[in-house]
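Engineer: need a structure here:
(3 chains)
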Amino acid sequence: MDDMKKAGNSSCNDGVLLRMGLNDNKAGMQGLDKEKINKIIMEATKGSRFYENELKKDQQVNERIEKMMRLKEKITTQQLLKAQLQVDKLVIELEQSRNLSSTIVHIDMDAFYAAVEMRDNPELKEKPIAVGSMSMLSTSNYHARRFGVRAAMPGFIAKKLCPHLTIVPLNFEKYGKVSKEVREILTEYDPNFMPMGLDEAYLNITEHLEERLNWPEDKRRFFFNTESITEKNKDDRKTSAKFNEDACSPSPVLFEDSTPLMDDAPEQKHQSVGNLVVFGTSAEEVVKEIRFRIEQKTQLTASAGIAPNTMLAKMCSDRNKPNGQYRIAPERQAVLGFLKDLPIRKVPGIGKVTEKMLKALGIVTCSELYQQRALLSLLFSEASWHNFLDISLGLGSTRLDKDGERKSMSTERTFSEINTAEDQYSLCQELCRDLAQQLQKEGLKGKTVTLKLKNVNFEVKTRASTVLSSVSTEEEIFAVAKDLLGTEIDSVAPHPLRIRLMGVRVSGFLSEEEKKYQQKSIMSFLKSGEESSFLRLQPGKCNQTQKSEASPRGSFFDKKRAARQLKSENLAPNETVGKQLFDDRKSSANLVEKTKKVTDFQNSNVCKIFTCPVCFEEQSSNNLEELNRHIDECLNGTLVKDPVKLSKDHNARENTLNFLPQCENENVDECRKNKANQLAGADQSASTPDHSTSNNTEKFTQIIPDKPHRERQPSNLSDIARNMCMKQCLFPKRMSQDHEDHFEKTEHRKETSSSSEAKDDSVLVCPVCNSEQKTTSLESFNRHVDVCLNKGLIQELTEKKDFPAKTYNTESSHRVGGLSRGQQCTNPSQGTKRSGLTTSQSVSKKAKSSNSKHTIEMFFK
DNA sequence: CGGATCGAC
DNA sequence: CTATGTCGATCCG
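Structural biologist: Reported below is the predicted structural model:
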């Protein structure tokens, strides 16, 4: 987010102060020099539990480095030469794939939160301020930075560095609004721009540049917005005038040392007359125009980078901040020139640890990174050194791929020590409640629950458990989380578990395809079964979950207080599961056992007796899987009466589940392998011969960030596989091979040629209604089949008229247009990084996961 | 799959 | 007193 994060660290050798960071102090300004800053930080830090843990982590990194160095010693010149050949082969390929045709822009608001706060409160303007709290700062203004006050620094230490520091609490709502205003501008230049948090964004202005050439001048003409300056801050706001006068001087209020950058090639230069500006048609002019408009609209300044790919653009925006911009021309030499002396730490994705490891190898700059490419290929994992190679060649993503579906959702909280099991369970439940709420907002259900704990010594642990049927409600999540927590409590018994943070995460979501076919109708059908004849719940027991949902919503700490008062009293019957625990505090194992029973009991009430909507036979079981299996079989047409037998009969199912489009009847694993190899492509095979040499040396892990610059495999195999898998699950017996082939083709066409809608209408027979369906796409056919299934089957049977409408969420979840995307992103931490896997790996991985999905569980989730 | 780690904002 | 929260990715066992 901020430009201050990486500044100044790289020259430091060792120690935890690395992360505290330093400033580049300007002579004469009030502020502190590096030494003083480090001294103050050290005094405030040393001896603390936090510091001890930092030392420990540092030691671990050192051990990693030592291990790496030992490996390095063993490498023979022979091996190195061989590696050099292999790597350089790849370099040639990469060089040929270099794509300089895109114009990517990275926009970065300057000291965003602090700037907003200063804008809205003029009293702060002359002062050093930081935004955050006494325990953690999010950002600081440039004035405060002179004192060493930086993002990610606790406020109390910042106060020691700068006693006059004003700490302003975070106000995300406000930042979100401002961010939206900025996005409204950005979307005009690239409707598919990619926001990264609230204060950054990437734009691909390639198209805009082309169109702009034909634009009349008045479309590039803007007015200085003098009217919006209120009486109150008129004196402070000289930016407009400044802008007019010397064409982009920094806003004096915020930055005294910023770099004016509105001076470029004269023929491109914008002209300004009176309160009018006209911007040119070059990339630089476009970006100036963007920055101008941002400042006019929000009174905030932004920095920007222009380059042929995202990695370079990001580094460019860092170059002249605050309130500046920089461009790398789309030429190989310009790129390499930029990188030559650039410290690797400036590269997005190279963090503190990687920097230190590389430094141990004598690598500090990007050109050194290139020089050592052979060595790196022997010391690091393939993904890592590929990434290093990309960096040192200046290769990066030339397009802004839409962020994929969310992979996980979590919530965590830091607090002062909590050490009683009672409080810990209660807190855990509260986290589960919060998480469940958010999950339901997005309609997500996941299979894996992860509990995160940080003890008072700042040691972090995570414990995960994945369950068969996906979870989304508070009760479901808590049922898993409390077991994990119980195990941890027991593991330190008889000592109390002393924690300062707890978090709960749900991951392993159903994919888009799975969700589409998850047959919500049957789900809601089951749920509303309380009023339906198909699902008879045992009398009087079915409201348990609702009751616990209706339990008090106060925060954990409120509840804790209340709970103490109630301690001697009997627990009210509508207490939550978590609270029932606290009756009995003999041992945590006991507690867990008890909750387990309660929840199991609840669960067991959900479907005691169930009439199958397909065969109308009553099924009595409290095992969802068995019921699923039964329904599945019914739909298959192979009606088997005895569900117990069915459960043994896995083989047939396995085959259908592992179905891959191209596989036909081959052995599935074999097929998968072939697929993977087929997709592996040249660079894979290029590196394989060397395996013998690199294999005996243990590779070091490394971080692979956002570098999917090699173009992705256009066809999305996994989606096809998943889709086929779904179809197989629903209609395995009636689906003819012809249909499968057709699906494959149509799906491929969809995937490979997104633009051309070449449609040879084909006729498919709906397996439900048996009518012929003319289809232009797989999707429309699927839709028909589903409608058929729901209408024809379920609706009729249940006499409920309103199911199908609910079932078909036709909303395509792929809307990405600027603002809608922006709104999704109000959360400052939308995922940003892409897979660092090579294409082949990523495809085969996805294919694998799509194969392992289990049956008609979907019906219930 | 689970756990630890890294990195970004 | 007082060292965040949320997410994605990788790697290893």
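Engineer: please make it C-alpha for all contacts and neighbour counts, starting now.
Structural biologist: Will do.
Engineer: tell me the secondary structure for residue A:457?
Structural biologist: Using DSSP: H, G, I helix; E, B strand; the rest coil, the three-state assignment for residue A:457 comes out as coil.
Engineer: not counting sequence-adjacent ones, nearest residue to it?
Structural biologist: Spatial nearest neighbour of residue A:457, chain neighbours left out: residue A:49 (5.3 Å); criterion: C-alpha to C-alpha, 6 or more residues apart in numbering.
Engineer: then residue A:399?
Structural biologist: Closest residue to residue A:399 in three dimensions, ignoring its sequence neighbours and counting by C-alpha to C-alpha, 6+ apart: residue A:204, at 6.9 Å.
Engineer: tally of neighbours for the one you found?
Structural biologist: 26 (other C-alpha atoms under 10 Å).
Engineer: what mean pLDDT does stretch A:127-142 get?
Structural biologist: Per-residue pLDDT over stretch A:127-142 has a mean of 98.
Engineer: show the contacting residues for the residue lying closest to residue A:331 once chain neighbours are set aside.
Structural biologist: In space, not counting the residues next to it along the chain, residue A:331 is nearest to residue A:100; the distance is 6.8 Å by C-alpha to C-alpha, 6+ apart. If you count contacts by C-alpha atoms under 8 Å, 6 or more residues apart in numbering, residue A:100 has them with A:308-309, A:330-332.
Engineer: any chance of the residues you listed in a markdown table, with neighbour count and distance to residue A:137 too?
Structural biologist: Written out in a markdown table, the entries for those read as follows (neighbours: other C-alpha atoms under 10 Å; distance: C-alpha to C-alpha, whole Å):
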| residue | neighbour count | distance to residue A:137 |
| --- | --- | --- |
| A:308 | 30 | 34 |
| A:309 | 28 | 31 |
| A:330 | 17 | 38 |
| A:331 | 14 | 40 |
| A:332 | 17 | 40 |
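Engineer: I'd say residue A:378 and residue A:83 touch.
Structural biologist: Yes: if you go by C-alpha atoms under 8 Å, residue A:378 and residue A:83 touch, sitting 7.3 Å apart.
Engineer: looking at those two, which is more packed in?
Structural biologist: For residue A:378 versus residue A:83, the count of surrounding residues by other C-alpha under 10 Å is larger for residue A:378: 26 against 22.
Engineer: low-confidence ranges, chain A, go.
Structural biologist: In the predicted model, chain A carries pLDDT under 70 at residues A:1-29, A:226-269, A:512-513, A:515-861.
Engineer: that one - how does it break down into domains?
Structural biologist: The record's domain split for chain A, according to the TED database, is A:75-98+A:334-403, A:408-512.
Engineer: a markdown table for these, including distance to DNA strand B?
Structural biologist: Compiled in a markdown table, these are given as follows (distance: least, C-alpha to the nearest atom of the strand, whole Å):
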| stretch | distance to DNA strand B |
| --- | --- |
| domain A:75-98+A:334-403 | 3 |
| domain A:408-512 | 3 |
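Engineer: so what's the closest residue to residue A:417 other than its chain neighbours up against?
Structural biologist: Nearest residue to residue A:417, sequence neighbours excluded (C-alpha to C-alpha, 6+ apart): residue A:500, at 4.9 Å. Applying C-alpha under 8 Å, 6+ apart to residue A:500 gives the contacts A:414-418, A:453-456, A:458.
Engineer: at 7 Å instead, please
Structural biologist: Contact criterion C-alpha atoms under 7 Å, 6 or more residues apart in numbering gives A:414-418, A:454-456 as the residues in contact with residue A:500.
Engineer: do residue A:302 as well
Structural biologist: By C-alpha under 7 Å, 6+ apart, the residues touching residue A:302 are A:107-110, A:291, A:322-323.
Engineer: how about 6 Å then?
Structural biologist: With contacts taken as C-alpha atoms under 6 Å, 6 or more residues apart in numbering, residue A:302 has the following neighbours: A:108-110, A:323.
Engineer: take the residues you listed and keep only those in strands.
Structural biologist: Judged by DSSP state E, strands contain the following of the contacts of residue A:302: A:108-109.
Engineer: max pairwise distance over the contacts of residue A:302: which two?
Structural biologist: Farthest apart among the contacts of residue A:302 by C-alpha to C-alpha are A:108 and A:323. That separation is 9.2 Å.
Engineer: before we move on, the earlier item: so which of the domains of chain A gets nearest DNA strand C?
Structural biologist: The closest approach between DNA strand C and any of the domains of chain A, judged by C-alpha to the nearest atom of the strand, belongs to domain A:408-512 at 3.3 Å.
Engineer: near DNA strand C at all, the closest one?
Structural biologist: Yes: contact of domain A:408-512 with DNA strand C (C-alpha under 7 Å from any atom of the strand) involves A:408-416, A:501, A:503, A:505.
Engineer: what would those look like in TSV with neighbour count, distance to residue A:188 and secondary structure?
Structural biologist: Formatted as TSV, the residues of domain A:408-512 next to DNA strand C follow (neighbours: other C-alpha atoms under 10 Å; distance: C-alpha to C-alpha, whole Å; DSSP: H, G, I helix; E, B strand; the rest coil):
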residue	neighbour count	distance to residue A:188	secondary structure
A:408	17	31	strand
A:409	19	31	strand
A:410	20	33	strand
A:411	18	34	strand
A:412	17	37	strand
A:413	13	38	strand
A:414	12	40	strand
A:415	10	43	strand
A:416	10	47	strand
A:501	20	43	strand
A:503	21	39	strand
A:505	22	37	strand
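Engineer: and the residues you listed, which two are the farthest apart?
Structural biologist: Farthest pair in the residues of domain A:408-512 next to DNA strand C, by C-alpha to C-alpha: A:408 and A:416, 26.6 Å.
Engineer: residues in contact with stretch A:447-455?
Structural biologist: In this structure, residues lying in contact with stretch A:447-455 by C-alpha under 6 Å, 6+ apart are A:460-467, A:470, A:498-508.
Engineer: how about the residues of the stretch 501-650 of chain A near DNA strand B?
Structural biologist: residue A:508.
Engineer: for DNA strand C, what are the nearby residues on the stretch 501-650 of chain A?
Structural biologist: Residues of the stretch 501-650 of chain A that fall close to DNA strand C, judged by C-alpha under 7 Å from any atom of the strand: A:501, A:503, A:505.
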